[in-house]
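[1] Model the following, please.
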Amino acid sequence: MAKKKAKFPTFFVKSAVKTFAKEHDMMVGSDAYDAINEKIGNMLLAAAGRCKDNKRKTLKAYDM
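    Next up is the predicted model:
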């Protein structure tokens, strides 16, 4: 089966997620990385929309 093309580039460091999980006595499933990345991508798209609606070109913390 061919791997589907990702909708977004990778926005995070996978080893940081693994470290977080290990610190909380958990493991990370391979499908979790795609889901995490999609959540971040959608959050950034929404923030970019708010930024453009306010006629700005700079993303700010309150756009998140």
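
[2] Give me the secondary structure label for Ser15.
    With DSSP: H, G, I helix; E, B strand; the rest coil as the basis, Ser15 sits in helix.

[3] My error: substitute Arg50 in the last question.
    Under three-state DSSP, Arg50 falls in the helix class.

[4] how near is it to Leu59?
    9 Å (Cβ to Cβ, to the nearest Å). Just so you know, the C-beta spots here come from the backbone N, C-alpha and C atoms, and that holds for glycine as well.

[5] Verify the contact between Cys59 and Ala47 for me.
    Careful, residue 59 is Leu; it's not Cys. Yes. Between Leu59 and Ala47 there is a contact at 5.6 Å, judged by Cβ atoms under 8 Å.

[6] So between these two, which is more surrounded?
    When neighbours are counted by other Cβ atoms under 10 Å, Leu59 and Ala47 differ, and Ala47 comes out ahead with 16 against 13.

[7] what residues does the host helix or strand of the more buried one touch?
    Ala47 belongs to helix 30-53 when assigned by DSSP states H and E. For helix 30-53, the external contacting residues (Cβ atoms under 8 Å, 6 or more residues apart in numbering) are 6-8, 10-12, 14, 17, 57-60, 63-64.

[8] Mind giving me the PyMOL command for buried ones among those residues?
    Here is the PyMOL command that picks out the buried ones among these, judged by 16 or more other Cβ atoms under 10 Å:
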select buried, resi 63
